[in-house]
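Student: Whatever this is, show me its structure:
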Amino acid sequence: HPPHMNLLAAATQAWADPKTLFTLSPADFDPAPEVHSAVIELVTKGSQLAAKETESYYRFVHVIFKQPRKTIFNNLREGLDLPQEKIKSALESLGLDPQSRPQNLSVDQIFSLSQNLL
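Tutor: Residues are numbered from 1 along each chain as shown. Model prediction:
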């Protein structure tokens, strides 16, 4: 698993659990890239989100990760047409620091936040 959440991880982990099967070195490719690679398996989760929840979640993921180095609050303030106080209140109700970065969130936190704000 990557050490931090990102847009791809948040989008994928909403419906599947990733499992690393094995890694590949640059020498396994021709031409050799400058990075190591991993082969992963995506095991779908048993529960399915409703279509409306899924659409809202993915829209929210794009907003919160639009600029990953910005704070959660700033990404939400710029990406959602909501009063700042509503955003701060939603973050605080979930025990989230508005000044932290989106990379520090879990999929469950992102989902809960999307449900509170959308």
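
Student: Which SSE is immediately downstream of the worst-scoring helix or strand of the chain on mean pLDDT?
Tutor: Lowest on mean pLDDT, DSSP states H and E among the helices and strands of the chain sits helix 51-64, with a mean of 87. Counting by DSSP states H and E, the next helix or strand C-terminal to helix 51-64 is helix 72-79.

Student: pLDDT averaged over the very next helix or strand once past that next one - what is it?
Tutor: Downstream of helix 72-79, the next assigned helix or strand under DSSP H and E is helix 84-93. On average, the pLDDT along helix 84-93 is 94.

Student: Need the residues that contact helix 84-93.
Tutor: Contacts to helix 84-93, defined as Cβ atoms under 8 Å, 6 or more residues apart in numbering, come from residues 72-73, 76-77, 80, 97-98, 113, 116-117. (Glycine included, C-beta is placed from N, CA and C.)

Student: Dump the C-alpha coordinates for that helix into PDB.
Tutor: This file holds the C-alpha atoms of helix 84-93, laid out as PDB (Å, rounded to 0.1, in the frame of the first residue of the first chain):
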ATOM      1  CA  GLN A  84     -17.000  28.200   4.900                       C
ATOM      2  CA  GLU A  85     -18.600  27.600   8.200                       C
ATOM      3  CA  LYS A  86     -20.500  24.600   6.900                       C
ATOM      4  CA  ILE A  87     -17.200  23.100   5.600                       C
ATOM      5  CA  LYS A  88     -15.400  23.800   9.000                       C
ATOM      6  CA  SER A  89     -18.400  22.400  10.900                       C
ATOM      7  CA  ALA A  90     -18.400  19.200   8.800                       C
ATOM      8  CA  LEU A  91     -14.600  18.700   9.300                       C
ATOM      9  CA  GLU A  92     -14.800  19.300  13.000                       C
ATOM     10  CA  SER A  93     -17.800  17.000  13.500                       C
END
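
Student: and the direction of the helix or strand following that helix versus that of helix 84-93, what angle?
Tutor: Moving toward the C-terminus from helix 84-93, the next helix or strand (DSSP H and E) is helix 107-117. Interaxial angle of helix 107-117 relative to helix 84-93 (axes from the mean of the first three to the mean of the last three Cα atoms, to 10 degrees): 140 degrees.
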